[in-house]
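S.K.: got a sequence here, can you model it:
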Amino acid sequence: MSREPLTRPIITIVQHIAERQRAFPEAKGDLTWILSGITLATRIIESYVRRAGIAGVLGELGTENIQGEVVQKLDIVANETILRVLGYRDIVGIMVSEEDDEPTIVKSPGSGGKYIILFDPLDGSSNIDVNVTIGTIFSVLRCREDIDESEGTLPHILQRGSYQVAAGYVVYGSSTVLVYTTGQGVHLFTLDPSIGAFTLHTEHLQMPTSGKTYSVNEAYYDSFPDPVQKYLDWTKHNGYGQRYIGSLVADFHRTLLKGGVFLYPPTRKNPKGKLRLLYEANPLAFIAEQAGGAAWDFNERLLDKRADALHERTPLLIGSTEEVEKVMSFHDRGKS
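M.R.: Numbering: from 1, shown residues only. Presented below is the predicted three-dimensional model:
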């Protein structure tokens, strides 16, 4: 008599990455090595987040970062953890963090440093002290082979988002989840504290094509461009609901799973937007498109946008394809 198994097989993220690598015989395991380092770093960060109060790492540090934002103690812990863990990966050449003024050169591209890691170590960190969901966002690029070392590191870093070879994020919430893509679909994992590993939850995750939920900080309504205001007015009469957490990674994660749209438009104070292009908007745009969604900067496809500066900011419109198209339709009407 056959019997159904009581539990489904556990597949860890390391197993999953290695299994998918087998489909590419020419692969050398570079991304597996990098992603395993990211999972280790984020598990360490998660342990600090869970015991922040008793570990004495709650609160502000009393300084500001290059973005002009107040630095939290956990920001520094997360930043140093990622730099330390990924810095030991001998294929990592350059590391770029939201918290640091300049890139960290681990190994020059000419000396074997083949990859660039860009990251926001603790997105939504202003929510730490009130126990609201926060996260880590990361992006991986290859160093360019056509750049001479005399040109420095910026030409390697300032690539279009479409050149990303991997991207992902971790959400530290009621459970800790990791979402990643290497350009072959989007996969979601949950941290199992009993074994200390991220285990597969959903493979080839797809974002719903529509969803009557929008996410935006409407406190800035009067400062938004006219087409955005008209779209928000339209939602009030067409059965839409608002959901806004205030942590980009958490708002995007809900949009990825449930559908809808996230907006961070330009404002009078920040006409070029507020979110960082390289290590916030680009990786989420890569994930969104791989899951069947869309991402724009209200003018062009986000992954086509070329950065001109390390900490360049951008507006962001991201989510279900039909909802992104609906927002953009109000911009098109303004042009006609």
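S.K.: CA only for contacts and neighbour counts going forward, please
M.R.: Will do.
S.K.: secondary structure element for the spatially closest residue to Asp75 that is not a sequence neighbour?
M.R.: Excluding the flanking residues, the one nearest Asp75 by Cα to Cα, 6 or more residues apart in numbering is Leu122, at 5.8 Å. If you go by DSSP states H and E, Leu122 is part of strand 115-123.
S.K.: show me where the stretch 51-200 of the chain has strands.
M.R.: With DSSP state E, counting those that start in this stretch, the ranges of strands along the stretch 51-200 of the chain come out as 60-64, 70-72, 92-97, 104-105, 115-123, 134-142, 166-172, 176-181, 186-192, 197-202.
S.K.: mean neighbour count and mean pLDDT added to those strands, as CSV?
M.R.: Listed next are these as CSV, based on neighbours: other Cα atoms under 10 Å; pLDDT from 0 to 100:
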stretch, mean neighbour count, mean pLDDT
strand 60-64, 13, 55
strand 70-72, 20, 65
strand 92-97, 24, 94
strand 104-105, 16, 91
strand 115-123, 27, 95
strand 134-142, 25, 96
strand 166-172, 26, 96
strand 176-181, 22, 96
strand 186-192, 21, 96
strand 197-202, 20, 94
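S.K.: format those as CSV; extra columns: distance to Asp304.
M.R.: Output for those, formatted as CSV (distance: least, Cα to Cα, whole Å):
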stretch, distance to Asp304
strand 60-64, 31
strand 70-72, 31
strand 92-97, 20
strand 104-105, 26
strand 115-123, 18
strand 134-142, 15
strand 166-172, 16
strand 176-181, 18
strand 186-192, 20
strand 197-202, 28
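S.K.: residues touching the closest residue to Gln184 other than its chain neighbours, list them.
M.R.: Nearest residue to Gln184, sequence neighbours excluded (Cα to Cα, 6+ apart): Gln290, at 7.3 Å. Going by Cα atoms under 8 Å, 6 or more residues apart in numbering, Gln290 touches Thr181, Gly183, Gln184, Gly185, Val186.
S.K.: hmm, back to that, sheet partners, orientation included, of the strand holding Leu122?
M.R.: In the sheet, strand 115-123 lines up against strand 92-97 (parallel), strand 134-142 (antiparallel) (DSSP bridges).
S.K.: what angle do that strand and strand 166-172 make?
M.R.: Here strand 115-123 runs at an angle of 20 degrees relative to strand 166-172 (axes from the mean of the first three to the mean of the last three Cα atoms, to 10 degrees).
S.K.: show residues contacting strand 115-123.
M.R.: So strand 115-123 is contacted by 74-75, 78-79, 82, 91-99, 134-143, 157, 247-249, 278-280 (Cα under 8 Å, 6+ apart).
S.K.: alright, calling it a day.
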